[in-house]
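In: 3D model of this:
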Amino acid sequence: MMKYVKNITRHELALHTSKRAMEVKFGEEVAIIEGDKTLSDYPQNYVLLGIPEDIGVRANHGRAGTSGAWEACLKVLCNMQQNNFTRAHELLILGTVDCDAEMEASALLTDIVQMGELVNSIDVKVASVIEAIVSAGKIPIIVGGGHNNSFGNIKGVSKVLDMPINCINFDTHSDFRPLEHRHSGNGFSYAKAEGYLNEYFVFGLHTAYSSQKMFERMEQENVHFTLFEDMFVNEKTSYDDAKAKAEQTVCEAAFGLEIDLDTIAMMGSSAMSPIGFSINHTRNFVHHFSKNKNCKYIHLCEGAPTFELHSNQVGKVLSYLIVDVISAKKSY
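Out: Numbering: from 1, shown residues only. Here you go, the predicted model:
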């Protein structure tokens, strides 16, 4: 058993999987850790991990709900088809980071600084689990929870490589707030301050939700970004040119890929907005960057089924993004 992990079981997968004759579903085909085996005993390259928490979001004055993304995702993913295109056999579902104690404690809190202490506790767990997965030669795909978990993702990979890593964040916000109590808005700030993060690129930053102080802070810390408005409003650059700029900045060395679902227009998320990327833009972005040989993890965060506009919206988008990752062959 991996420390801090609640391993998923075949029984749990079966509960989410609707079997049909002449079909093979993801829930029937994916690997899980069984018996006394460890990750290194399995050939699968990708390891799916859930972080069912929303404490970091609440500690950032946000709305609860991201803790439900993992279960919403499993319900859809388990019923997707295994075929030569989707390649379910190349995925191992590990389970979840055990956040039960922190979630239970947070239910009694209203003070955001005290919530930040619980985020610190989750940071330790996430970093440890990501370090173990990457040490086994695997690429983690992380689902659910707030963007506070970017810190643990970056730290875990950085410790394995013994060097700071780069990161590209597909996001409306920079999440580069000051080093106050830990929350979903300062994961990258802490990763930078503690020496785990090197080049950082925010893709699709919204001007209306970035303060002047934040722009000044990003300039001081050499944070790179492309504005959403420059791509889709004033046409100073194109989506493809912006992708190329991000690629040149972060992808020549080991990097993490962070995808915040609130950057998708009308997506059920902690900071849902009518303004944003399309789902197809997001799928293209994930496919493009996750297949790069230097991509060390993929984090799909901030999805909140509580706020989705129709049933299974969050779970279906997350599941499609996961399939887009594992079906893309590593290249360049």
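In: on the three-state scheme, the residue nearest to the spatial centre of the chain is what?
Out: For the chain, the residue lying nearest the average C-alpha position, counting by C-alpha atoms, centre = their mean, turns out to be residue 299 (1.8 Å). Using DSSP: H, G, I helix; E, B strand; the rest coil as the criterion, the local structure at residue 299 reads strand.
In: just after the longest strand seen in the chain, pick out the following helix or strand.
Out: Within the chain, and with DSSP state E defining each element, the longest strand by residue count is strand 197-205. On the C-terminal side of strand 197-205, the nearest following helix or strand under DSSP states H and E is helix 212-220.
In: how about that following helix: buried residues?
Out: For helix 212-220, the neighbour count (16 or more other C-beta atoms under 10 Å) marks 214, 217-218 as buried. Glycine gets a C-beta too; all of them are placed from N, C-alpha and C.
In: turn the residues you listed into TSV, columns for pLDDT.
Out: Written out in TSV, the entries for the buried residues of helix 212-220 read as follows (pLDDT from 0 to 100):
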residue	pLDDT
214	97
217	97
218	97
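In: pick the one among the residues you listed closest to residue 65.
Out: Taking C-beta to C-beta as the measure, residue 65 sits nearest to residue 214 out of those, at 24.6 Å.
In: got the contact list for the closest one?
Out: Residues touching residue 214, when contacts are defined by C-beta atoms under 8 Å, 6 or more residues apart in numbering, comprise 174, 176-177.
In: which one of those is nearest to residue 90?
Out: residue 174 (33.3 Å).
In: okay, that closest one and residue 192: tell me how far apart.
Out: From residue 174 across to residue 192, the span is 11 Å (C-beta to C-beta, to the nearest Å).
In: still on that earlier bit, show me the contacts of residue 214 that map onto strands.
Out: For those, not one is inside strands, with DSSP E as the criterion.
In: and these as TSV, adding pLDDT?
Out: Listed next are the contacts of residue 214 as TSV, based on pLDDT from 0 to 100:
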residue	pLDDT
174	97
176	98
177	97
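In: most surrounded residue in those residues?
Out: Using other C-beta atoms under 10 Å as the contact criterion, the top neighbour count among these goes to residue 174, which has 25 neighbours.
In: not counting sequence-adjacent ones, nearest residue to that one?
Out: residue 202 (4.9 Å; C-beta to C-beta, 6 or more residues apart in numbering).
In: and that neighbour, bridged to which residues?
Out: Beta-bridge pairing of residue 202, defined through DSSP bridges, involves residue 169, residue 225.
In: residue 5: neighbour count?
Out: 20.
In: what's the local residue count around residue 148?
Out: By the criterion of other C-beta under 10 Å, residue 148 has 31 neighbours.
In: go on, residue 79?
Out: Residues near residue 79, counting by other C-beta under 10 Å, number 19.
In: state the distance from it to residue 173.
Out: Applying C-beta to C-beta, the value for residue 79 to residue 173 is 33 Å.
In: ok, residue 142 next?
Out: To residue 173, residue 142 is 19 Å away according to C-beta to C-beta.
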